[in-house]
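A.B. asks: I'd like to go over a predicted model; first the sequence, then the structure.
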Amino acid sequence: MRAAPAAVLFDMDGTLVDTEVLWWRTTEETAARLGHALGPADAPEVVGRAVADTAAHLVRAAGADAEAAGAVAAELTEGFFRRVAAGAPVRPGARRLLAALQAEGVPFALVSASPRLVVDQVVTGALAGVPFAFTLSADDTDRTKPHPDPYRAAAERLGLAPGECVAVEDSPDGAASAEAAGCPVLVVPSLLGVPSSPARTFAASLEEVTPALLGGLTRTAR
């Protein structure tokens, strides 16, 4: 019986790199410009969400013209990119786990709700040299998280069924996306708590995750 999974699909923000705080600060700055004080009630519309979704929320919360959402999304993207380019810390245990998967010949990919501009900055900066099979950004599917499209597309690119691919996530929307696609999900929460479900296994940190643990999730799913 194979100890490791067939493949692993990693979320990026808050999972492999500590960028959720950078995204929150960016959103907070833009919200303030619009006259809205960002608070805990906004978190479900910000953490783990695509730029367009957060922009639409800020426009609604501030009572601004809906037509401003496009400009707000562009401002959020630019501000987030600037912060990520200045430095995005890698999450504890991430490099060790990625190296262990590489050593066992397990392919892994990045599946993110961030724009392509930000994903490329991370994989050439904080995660430079990591041999991802490929990266998927919010720009690469018609719908991004919390919809299942990104994880379904990633499994298809690997030539695997979603149930053979473990998704590693940190947010409610990311976990919902992976679960809806049919992937077993390992949740390592960051800023937001994630509800439990039969498809989800929880770990406090990537430092306690091994290829064998991930492989066990796919066997349980079958």
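C.D. replies: That came through fine.
A.B. asks: mind listing the helices for the protein?
C.D. replies: Taking DSSP state H, the helices of the chain run over residues 20-34, 51-62, 69-86, 94-103, 116-124, 149-158, 172-181, 211-221.
A.B. asks: quick one: buried residues of the lowest-mean-pLDDT helix or strand in the chain?
C.D. replies: Least confident helix or strand of the chain, by mean pLDDT, DSSP states H and E, is helix 211-221 with a mean of 85. Using 16 or more other C-beta atoms under 10 Å as the test for burial, helix 211-221 gives 211, 213-218, 221. All C-beta spots, glycine's among them, are computed from the backbone N, C-alpha and C.
A.B. asks: The helices of the chain into CSV, with extra columns for distance to residue 12?
C.D. replies: Formatted as CSV, the helices of the chain follow (distance: least, C-beta to C-beta, whole Å):
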stretch, distance to residue 12
helix 20-34, 10
helix 51-62, 14
helix 69-86, 10
helix 94-103, 10
helix 116-124, 6
helix 149-158, 11
helix 172-181, 10
helix 211-221, 17
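A.B. asks: can you tell me which of the ones you listed the model trusts least?
C.D. replies: Of all those, the minimum mean pLDDT falls on helix 211-221 (a mean of 85).
A.B. asks: Restrict that one to CA atoms and write it as PDB.
C.D. replies: Taking Å, rounded to 0.1, in the frame of the first residue of the first chain, the C-alpha atoms of helix 211-221 are listed here in PDB:
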ATOM      1  CA  PRO A 211       3.800  12.400   3.400                       C
ATOM      2  CA  ALA A 212       2.500   9.300   5.200                       C
ATOM      3  CA  LEU A 213      -0.100  11.400   7.100                       C
ATOM      4  CA  LEU A 214      -1.200  12.900   3.800                       C
ATOM      5  CA  GLY A 215      -1.300   9.500   2.200                       C
ATOM      6  CA  GLY A 216      -3.500   8.200   5.000                       C
ATOM      7  CA  LEU A 217      -6.100  10.900   4.100                       C
ATOM      8  CA  THR A 218      -6.500   9.600   0.600                       C
ATOM      9  CA  ARG A 219      -6.900   6.000   1.800                       C
ATOM     10  CA  THR A 220      -9.500   7.100   4.300                       C
ATOM     11  CA  ALA A 221     -11.300   9.000   1.500                       C
END
